[in-house]
Structures are given as C-alpha cells and as structure tokens.
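S.K.: generate coordinates for the sequence data below:
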Amino acid sequence: MPKTPLFYGLLILLLSLAVSLPAAAADKENCLMCHKYLQLGRIDEKGRKISYFVSENIYNKTVHRNVPCRDCHTYITKLPHDLVTEEVNCSNECHIKPPFSQENFSHKKIVEAYNKSVHGIKPDDPPDVKQAKPYCKYCHQNPLFMKVEEKYIAGKTLQRCLNCHEREGVTKAYTHITHRLGHKTSRSPQEVIQLCSKNCHENVEMMKKFKVSKNTLEAVETYNESIHGKAVALGSEEAADCLSCHATHLIQDIKKKDDPESTINPKNLIKTCKQCHTKVNKHFIKIDVHSNVEENLLLHMINVGLTFALYGTFIGLVGLMLFETYGRKKDGIKWMLKKGTTWRGLSRRRPKD
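M.R.: Model prediction:
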C-alpha cells in the first residue's frame, strides 16, 4: 500500500502529541494501577472504613512527589502485596539525593530529635500512653508543594547561581531554602494553636495519662487568656504560639522544663524570649506566660481593675455623648445630617450681637 501525504501527516501529528504529553508520575512499580480507584479499601475489625485510594494529581503536587512508594513502604516485598500491618518508618533512607548533597535523603536526624522530646515514644511507656502520643504523621500530613512565582525570587541572586547550575534544580533548591529560613513552620500561629490543642492538650482526660502537672493540664486555657493567646486569636502573625517558646528550629525537640536543653528551662528563657522581645533580663523572664488569673490574687485584681477601666471608659464616653446631645437639643440646635455635620443652627443661649 503506498504511503500517501495524509499518512505522513497523521504520523507527524501523533509524534508531536507524544512528545508534548506530560511526564508520568514517579510510580516505577505501577502502584497506581490499583490505588487509583476511588472505592479501593476495606472494613477493619472495628467496623471502620479504610480507604486505599491515592489521587495521582494531588500526590504529584506534594513534597513527597518524587519519592517511590516503597522507599517508605519498605515492608512490601511482593506485588500485589498482602494486607499492610506495619506503619511507615519516617527515618528510612530515600532513593533520592537533594540538590548539592552526596547522600540520600533521610529524616533520621529529625526522628532522633523527636525520640528525645516529650512526644517521643519511650520503651517503658504503657500501651495507652504510646497510642496517645503524636507520631510524625499527626502534624506532617504530606503538605502540597506550593510553587513560588519567579517574580518573588531574588532575580540577581538567582541569575548568578545560573552561571554554573541548571535553572530547574537550583530554582527549586533556592526557593525551598529561603522559604525555610524565613519561616520556622509553614503553618500560621492560629493553625499551630489548633494543631496542639485539638485532640491532645485540650483533652484533659487523655493528658492525665501522662501524669502531667496541673499547670500543664490548664496550658491551653491559660495560654488563650494570655496576651500571646489573645493576640493570635485576633489574627496576629507575629505573636508567640506553642512552637515559638517550646521548640527550636528543629520543631521536634520539645523537652520538659527541667531538661537543661529545654527552651523553657530557666537558664534558656532569656534566649527564648529574645526571639521576639529586645529588652529581656532576669526580671522579664519571671513573668508567667501561663498564669491562672483566677488563682493569682495580684493578677486577678489587675484584671478586674483593667476590666472596670475599659468598660468605665466606654460607658463614660457614651454617657458624655448622650449628655451633650441632650444639651444641644434643649438649646434648640437641630440634629440633621447635612454637608458633613449632624448639628445645624445656633444655640438659644448664644448672646445676641
């Protein structure tokens, strides 16, 4: 059969479409062959529905988008695999190398810091305590990778990097590094407070399992009553949240107050408070951030006094306004909105010329 111009035209069109198609996701073992179905799942022994569906579109936009499935699910040794009974170990070494690094990526150092923290699961912890403690995935839920527009990246600085490095790799590295330097966490203070409170520190019955002090049981309530808590509740992005005082740049290194390395240890409080406050001394750090106003007589009296001052000022101003309004109306001054003023006319008591 002779090859007509139409045949060659169709061949060129097909080749063009093939070249223009987007690259497939990093799914070397074709796990999405099964996990792409919405209804994939099972009912566990407690009657709960567990979904095994993975959205390829969403996953390709997350921070783990380049990590092969079995880099995390290392216990899977055959495909199709048996029922999964093990949890993911976040300290596993991944088969990817970050930019400018010679070693494969791993969260091992972060997990070691977490294990030493108050949240870390200890060998002598009772089963109910182990189950109650938050693991990596409670706080870190594979967040979406938000691409930063080119105009927000320092142009001249990046251009100098591109003299030697390829744009794609160095742009991603530069964006990631500058983002992390500028923000200790990707969450807002309001989201941090909600994360720490919800299901954990607000749950008094669960917190009692850890045999914590009375002050710790009331930590959420007393924080919300503090100047930091009220500022965050009003929308402040600068006021201190939980992580601002209780963790360093590692986030996972939250330790007990009596630990010498704790950020809230009396020996480290000056350094911790100086993250936000410039004039910090030994007297400043004696201020109790989590004070219970009802139990502290001095704070209670100050709080009552300031409350009276606030409402007294407001009621006084309203009363003065009403008194002045009554006086003007009595003097015959008309109350009407005209040309930017509500008062028109002359007072009856004004002396005649």
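S.K.: now do the strands in the stretch 201-350 of the chain.
M.R.: Ranges of strands in the stretch 201-350 of the chain, per DSSP state E, counting those that start in this stretch, are 334-338, 341-344.
S.K.: what is the neighbour count of Tyr326?
M.R.: Counted with other C-beta atoms under 10 Å, residues neighbouring Tyr326 total 10. C-beta: built from backbone N, CA, C; applies to glycine.
S.K.: low-confidence stretches in this protein?
M.R.: 1-26, 98-101, 143-158, 160, 163-169, 175-186, 250, 337-353 (pLDDT under 70).
S.K.: work out which residue lies at the spatial centre of it.
M.R.: Arg187 (1.9 Å; C-alpha atoms, centre = their mean).
S.K.: kindly provide the distance from that one to Ala219.
M.R.: To Ala219, Arg187 is 19 Å away according to C-beta to C-beta, to the nearest Å.
S.K.: what sits against Tyr75?
M.R.: Contact analysis of Tyr75 by C-beta atoms under 8 Å, 6 or more residues apart in numbering lists 84, 86.
S.K.: if you set the cut-off to 6 Å instead, what comes out?
M.R.: Applying C-beta atoms under 6 Å, 6 or more residues apart in numbering, we find Tyr75 in contact with Glu86.
S.K.: and Ser291, by the same measure?
M.R.: Listed by C-beta under 6 Å, 6+ apart, the contact partners of Ser291 are Leu299.
S.K.: residues contacting the spatially closest residue to Ser117 that is not a sequence neighbour?
M.R.: Leaving aside its sequence neighbours, Ser117 sits nearest to Ile254 (C-beta to C-beta, 6 or more residues apart in numbering; 4.8 Å). Taking C-beta under 6 Å, 6+ apart, we find Ile254 in contact with 117-118, 246-247.
S.K.: do the same with Ile270
M.R.: Contacts of Ile270 by C-beta under 6 Å, 6+ apart are 280, 285.
S.K.: how close does it get to Glu112?
M.R.: As judged by C-beta to C-beta, Ile270 and Glu112 stand 27 Å apart.
S.K.: surely Ser262 touches Ala247?
M.R.: No - the pair Ser262 / Ala247 is not scored as a contact, 9.8 Å apart, by C-beta atoms under 6 Å.
S.K.: show me the helices in the stretch 101-250 of the chain, by range?
M.R.: Ranges of helices in the stretch 101-250 of the chain, per DSSP state H, counting those that start in this stretch, are 108-116, 127-132, 136-139, 155-161, 167-182, 189-196, 204-207, 214-217, 219-225, 227-233, 242-246.
S.K.: redo those as CSV? Include distance to Lys28 and mean neighbour count.
M.R.: Shown next, in CSV, are the helices of the stretch 101-250 of the chain (distance: least, C-beta to C-beta, whole Å; neighbours: other C-beta atoms under 10 Å):
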stretch, distance to Lys28, mean neighbour count
helix 108-116, 23, 16
helix 127-132, 34, 12
helix 136-139, 23, 14
helix 155-161, 31, 11
helix 167-182, 21, 14
helix 189-196, 34, 18
helix 204-207, 41, 13
helix 214-217, 47, 13
helix 219-225, 45, 19
helix 227-233, 44, 17
helix 242-246, 36, 20
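S.K.: closest to Tyr59 out of those?
M.R.: Checking these against Tyr59 by C-beta to C-beta gives helix 136-139 as the closest, at 15.0 Å.
S.K.: report the distance from the closest one to the chain centre.
M.R.: The chain centroid and the centroid of helix 136-139 are separated by 12 Å, computed with C-alpha atoms, centre = their mean, to the nearest Å.
S.K.: please apply the same query to stretch 321-334.
M.R.: The answer for stretch 321-334 is 54 Å, by C-alpha atoms, centre = their mean.
S.K.: do stretch 241-254 as well
M.R.: Centre-to-centre, stretch 241-254 and its host chain are 12 Å apart (C-alpha atoms, centre = their mean).
S.K.: now do the same end-to-end measure for that stretch.
M.R.: From its first residue to its last, stretch 241-254 covers 13 Å (C-alpha to C-alpha, to the nearest Å).
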